[in-house]
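Trainee: structure for the following, please:
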Amino acid sequence: MTQTYSIEEGTAHPLGATYTGHGVNFALFTAHGTKVEVCIYDEAGIEELARITLPEYTDEVWHGFVPGLQPGARYGYRVHGPYEPEQGHRFNHHKLLMDPYAKAHMGELKWGPELFGYTVGHEDADLSFDERDSAHMVPKCVVVDSHFQWKQTRNVRVPWDQTVFYETHVRGFTMRRPDVPEHMRGTFAGLAQDGPIKHIRELGVTSVELLPIQMFLNQPFLTDKGLTNYWGYDTMGFFALDQRYMDGPNIDEFKAMVDRFHENGLEVIMDVVYNHTPEGNELGPTLSFKGIDNASYYRLMPGGGADGNGAEGPGARYYINDTGTGNTLNLSHPRVLQMVTDSLRYWVTEMRVDGFRFDLATILAREPYGFDEGGGFLKSCRQDPVLSSVKLVAEPWDIGPGGYQVGGFPPGWAEWNDQFRDNVRAWWKGDEALAPKLAQCMSASGDRFNHRGRRPWASVNFITAHDGFTLADTVSYNEKHNDANGEDNRDGSSDNRSWNCGVEGDTDDVAVLDLRARQQRNMLATLLLSQGTPMVLAGDEFGRTQQGNNNAYCQDDDISWLHWEIDERGQALNRFTQRLTKLRKELPVLRRGRFLSGDVKEETQLKDVTWLAPDGAEMDSGHWDDPQTRCFGMLLEGTAQASSIARPADDATVMIMINSWQDAIEFKLPARADGVHWSRLIDTALDPQEPEDFEPEAIYTVTGRSMLLFVAAGEKQSANAVAALVASL
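Mentor: Residues are numbered from 1 along each chain as shown. Coordinates of the predicted model:
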């Protein structure tokens with residue numbers, strides 16, 4: 001130790017290391033720790049310059065102020081206390097701990113036995129105690145200066161009914177883009193370049209959802225195989241950016257990216273993981289929370305645990321594992337709940353993100369007695385003036401009891417709707433008896449979401465996501481091909497509802513390739529023409545493949561990266577996707593603000609939606625119950641009442657036809673008033689798409705496995721708008 005620092009009392013708030021302009025205030029919560037030391041390191045994070053004991057303990061927070069300490073200072077904590085695993089306590093001051101509130105880190109984690117609070121291999125396992133120091137193996141926390149000169153004065157705030165999510169990976173999106181400087185590829189700075197932003201804007205999506213970017217770790221079982229935690233679902237620092245996505249050490253790089261996205265009218269959505277940490281179960285390492293206050297931060301088994309997990313006892317040695325990763329964060333504890341909500345507010349207020357997608361969100365709403373949509377976390381978000389103003393999207397399932405909760409989250413939340421994915425894939429694969437399910441999906445799954453004043457946007461519709469087949473692979477593979485993951489193809493879901501169109505994987509068969517292209521257009525059209533909020537997986541718009549790998553979580557390589565050498569078929573699919581997003585934007589009837597009912601409104605004498613059989617008659621129970629119903633129509637009346645106010649809307653009327661049968665079917669277009677004709681804007685059997693007009697009650701031959709969209713042109717309310725739309729396509 002080569003430096004001497006003075007120490008003052010400081011304050012218990014805010015938690016973390018806060019630069020005041022005159023020094024740094026340190027504050028760390030631990031209900032059971034008996035002493036906390038701050039270790040200050042040199043710029044390289046190697047030599048310990050000073051070890052300072054925090055002098056004050058207020059409301060279970062140890063705190064102290066170090067005058068003169070500047071931004072850029074490297075530090076870590078050592079926390080003293082009882083090592084009593086059977087009582088839930090795992091304090092070990094020989095282990096350097098990362099600050100839960102750290103805003104930045106430097107250095108990489110080096111895996112080794114020194115990281116564990118117990119002696120690895122000891123006959124007493126985790127009941128033993130390890131005295132080796134871990135400081136040389138642990139990333140150091142970094143004090144930051146939060147000042148940044150924003151160019152945009154406020155966030156974008158895209159209305160929910162106009163939102164189209166675009167799920168992507170910071171690194172994978174730019175690693176192969178030739179218009180991004182090589183040193184910027186895979187970084188926030190690279191994503192903020194003109195080329196990537198131009199592609200995203202032209203695609204017509206509004207909200208870029210980034211896979212986890214908070215500081216996360218690579219587990220040794222991956223690094224031992226030469227693989228990596230590519231997706232990033234193992235967060236260790238809830239307030240810090242991961243260094244691997246930064247062109248330099250300054251967190252301003254992320255802020256500059258957000259600023260550029262906002263300048264271009266794009267929202268930034270973060271995929272966040274607040275359900276577990278990389279510290280694993282009782283045999284996992286001691287990196288932060290486990291050594292700061294294990295009994296408070298984690299849910300421990302019944303019969304043990306000191307803070308709300310049950311009476312103290314041997315059960316506290318073991319962890320509740322609702323995540324499948326070994327541990328579960330205890331959001332029933334007020335300080336843990338505070339940490340999560342503090343983190344979310346930090347990303348909104350300091351980093352200006354526009355919303356969050358919550359991994360395994362059911363866990364966040366689970367109390368010791370089970371899932372509760374009125375539980376502490378959900379109530380905290382709902383009443384918080386900051387968090388309630390941004391987009392909140394739940395992945396509404398986990399592996400714990402009562403874990404599947406699609407439609408069960410409270411008002412104000414949107415949810416991933418896996419029913420949409422499964423039913424749409426099965427429909428276009430050709431499975432039977434799915435017409436009623438598809439109709440529900442295209443109507444924003446009102447059977448699950450239409451309650452308590454929730455709106456159609458609450459259903460986040462998707463056909464593909466990071467986890468599973470890409471769209472191109474969904475139509476190219478019957479089976480998963482995950483051999484590159486090194487798990488003998490046992491990993492990843494086997495329930496993909498995919499169809500290879502006759503050949504498994506790569507082929508030169510033009511007929512098969514044409515069918516695959518049409519199936520991709522079918523699914524994209526179903527996604528973007530349905531009620532609810534669509535989510536597009538990056539690369540699906542031009543046919544990205546992962547060679548049949550449906551679990552590429554560990555592939556930081558060509559399997560996962562987007563390839564921008566797009567062939568003619570890919571370019572055509574990209575243009576088709578742009579056409580769909582434009583239609584969705586310009587035709588309000590495709591994104592109604594309330595659920596479709598199919599009822600005749602007395603004031604307007606119109607139905608908002610009518611389901612039609614190919615002969616033009618309205619579908620009845622006989623059609624819906626018939627497992628052979630493979631073709632039907634969805635008539636969306638643009639002048640039907642669009643809100644609770646009893647008055648007609650002034651929007652264009654749309655007719656959608658869907659045929660999953662292999663053969664062509666004759667379909668009668670609906671009758672309209674004199675002077676009105678139908679303009680065909682989408683036919684997935686055609687490429688390119690050219691508008692064409694048809695008379696009411698004309699017979700249209702719907703190609704096998706195809707989908708169409710017509711708009712009624714010539715009606716007084718929408719004539720000019722439709723003409724302008726057709727001209728712009």
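Trainee: CA atoms for contacts and neighbours, from now on please.
Mentor: Noted.
Trainee: name the element G284 belongs to?
Mentor: Following DSSP states H and E, one finds G284 outside all helices and strands.
Trainee: same question for R171.
Mentor: Judged by DSSP H and E, R171 forms part of helix 170-174.
Trainee: which residues does that helix contact?
Mentor: Helix 170-174 has contacts (CA atoms under 8 Å, 6 or more residues apart in numbering) with 180, 185-188, 190-191, 196, 210-211, 245, 538, 556, 560-562.
Trainee: so which of those is the closest to P278?
Mentor: L211 (17.0 Å; CA to CA).
Trainee: identify the residues contacting the closest one.
Mentor: 167-170, 231-232, 270-272.
Trainee: contacts for the helix or strand that the helix holding R171 is followed by, please.
Mentor: Using DSSP H and E, the helix or strand that directly follows helix 170-174 along the chain is helix 188-191. Contact partners of helix 188-191, identified using CA under 8 Å, 6+ apart, comprise 170, 173-174, 180-181, 184-185, 197, 245-247, 253-254, 256-257.
Trainee: does anything pack onto the next helix or strand after helix 188-191? Which helices or strands?
Mentor: Once the chain leaves helix 188-191, the next helix or strand it forms, by DSSP H and E, is helix 194-203. Helix 194-203 is packed against helix 568-586, with contacts defined by 3 or more CA pairs under 8 Å, 6 or more residues apart in numbering; DSSP states H and E.
Trainee: partner strands of the helix or strand that comes right after the helix it packs on, parallel or antiparallel?
Mentor: Note on helix 568-586: by DSSP H and E, the next helix or strand toward the C-terminus is strand 600-601. Sheet pairing for strand 600-601, assigned by DSSP bridges, gives strand 606-607 (antiparallel).
Trainee: and A484, what is it in contact with?
Mentor: A484 neighbours (CA under 8 Å, 6+ apart): none.
Trainee: before we move on, back to that, top of the contacts of helix 188-191 by neighbour count?
Mentor: T174 (29 neighbours; other CA atoms under 10 Å).
Trainee: could you report the separation of that residue from M270?
Mentor: 18 Å (CA to CA, to the nearest Å).
Trainee: which residues in the stretch 501-650 of the chain form helices?
Mentor: 510-529, 568-586, 621-625 (DSSP state H, counting those that start in this stretch).
Trainee: to E690, which of these lies closest?
Mentor: Closest to E690 of these, according to CA to CA: helix 568-586, at 11.1 Å.
Trainee: pull the CA atoms of that closest one into CSV?
Mentor: Provided in CSV are the C-alpha atoms of helix 568-586 (Å, rounded to 0.1, in the frame of the first residue of the first chain):
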residue,chain,number,x,y,z
GLU,A,568,-31.0,-11.0,-54.3
ARG,A,569,-33.6,-13.1,-52.4
GLY,A,570,-32.5,-11.3,-49.2
GLN,A,571,-32.8,-7.9,-50.7
ALA,A,572,-36.3,-8.7,-52.0
LEU,A,573,-37.4,-9.9,-48.5
ASN,A,574,-36.0,-6.7,-47.0
ARG,A,575,-38.1,-4.6,-49.4
PHE,A,576,-41.1,-6.7,-48.6
THR,A,577,-40.6,-6.1,-44.8
GLN,A,578,-40.3,-2.4,-45.4
ARG,A,579,-43.5,-2.5,-47.3
LEU,A,580,-45.3,-4.2,-44.4
THR,A,581,-44.0,-1.7,-41.8
LYS,A,582,-45.1,1.1,-44.0
LEU,A,583,-48.6,-0.3,-44.4
ARG,A,584,-48.8,-0.9,-40.7
LYS,A,585,-47.9,2.8,-40.1
GLU,A,586,-50.3,4.2,-42.7
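Trainee: which elements pack onto it?
Mentor: helix 194-203, helix 510-529.
Trainee: could I get those as a markdown table with distance to I658 and mean pLDDT?
Mentor: A markdown table is the format used below for the helices and strands packed on helix 568-586 (distance: least, CA to CA, whole Å; pLDDT from 0 to 100):
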| stretch | distance to I658 | mean pLDDT |
| --- | --- | --- |
| helix 194-203 | 24 | 98 |
| helix 510-529 | 9 | 98 |
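Trainee: for the closest residue to D687 other than its chain neighbours, the count of nearby residues, please.
Mentor: Leaving aside its sequence neighbours, D687 sits nearest to A572 (CA to CA, 6 or more residues apart in numbering; 7.8 Å). A572 has 19 neighbouring residues, counting by other CA under 10 Å.
Trainee: and R357, by the same measure?
Mentor: R357: 23 surrounding residues under other CA under 10 Å.
Trainee: so where's the stretch 251-400 of the chain shaky on pLDDT?
Mentor: The model of the stretch 251-400 of the chain has pLDDT under 70 over residues 304-314.
Trainee: buried ones in the helix or strand hosting L337?
Mentor: For L337, the host element (DSSP H and E) is helix 334-349. Of the residues in helix 334-349, 335-337, 339-348 count as buried by neighbour count, 16 or more other CA atoms under 10 Å.
Trainee: now do that helix: distance to the chain's middle.
Mentor: Put simply, helix 334-349 sits 18 Å off its chain's centre (CA atoms, centre = their mean, to the nearest Å).
Trainee: same thing with stretch 120-137?
Mentor: Worked out by CA atoms, centre = their mean, stretch 120-137 lies 36 Å from the chain centre.
Trainee: separation between F377 and L49?
Mentor: Separation of F377 from L49 (CA to CA): 40 Å.
Trainee: which of these two has more neighbours?
Mentor: Between F377 and L49, F377 has the larger neighbour count (other CA under 10 Å), namely 22 against 18.
Trainee: surely the more buried one touches Q338?
Mentor: No: counting by CA atoms under 8 Å, F377 stays clear of Q338, with 9.2 Å between them.
Trainee: might you report the residue contacts of D271?
Mentor: D271 neighbours (CA under 8 Å, 6+ apart): 209-213, 356-359.
Trainee: helix/strand/coil for it?
Mentor: Following DSSP: H, G, I helix; E, B strand; the rest coil, D271 is assigned to strand.
Trainee: who does it bridge with?
Mentor: In beta-bridge terms (that is, DSSP bridges), D271 pairs with R357.
Trainee: and it, how far is that from T187?
Mentor: From D271 across to T187, the span is 16 Å (CA to CA).
Trainee: can you pull the contacts of W62?
Mentor: W62 sits next to 12, 27-30, 35-36, 54-56 when contact means CA under 8 Å, 6+ apart.
Trainee: which of those lies closest to E697?
Mentor: Nearest to E697 among the contacts of W62 is F29, at 71.4 Å by CA to CA.
Trainee: what's the closest non-adjacent residue to the closest one?
Mentor: Nearest to F29 is V61, by CA to CA, 6+ apart, at 4.2 Å.
Trainee: need the contact list for that neighbour.
Mentor: 12, 27-31.
Trainee: okay, it: pLDDT?
Mentor: For V61, the model assigns a pLDDT of 98.
Trainee: in the sheet, who's paired with it?
Mentor: Applying DSSP bridges, one finds that V61 bridges with F29, T58.
Trainee: any idea of the mean pLDDT for the helix holding R171?
Mentor: 98.
Trainee: just stretch 441-453 next, same as before
Mentor: On average, stretch 441-453 scores 97.
Trainee: ditto for stretch 658-665
Mentor: Averaged over stretch 658-665, pLDDT sits at 97.
Trainee: now that stretch: how far from the chain's centre is it?
Mentor: That offset, for stretch 658-665, works out to 34 Å (CA atoms, centre = their mean).
Trainee: which residue packs closest to T53, ignoring adjacent ones?
Mentor: The shortest distance from T53 to any residue other than its chain neighbours is 4.3 Å, reached at E37 (CA to CA, 6+ apart).
Trainee: what's near enough to touch that neighbour?
Mentor: 51-54, 77-79.
Trainee: quick one: which of these sit in helices?
Mentor: With helices defined by DSSP state H, no entry of the contacts of E37 lies inside them.
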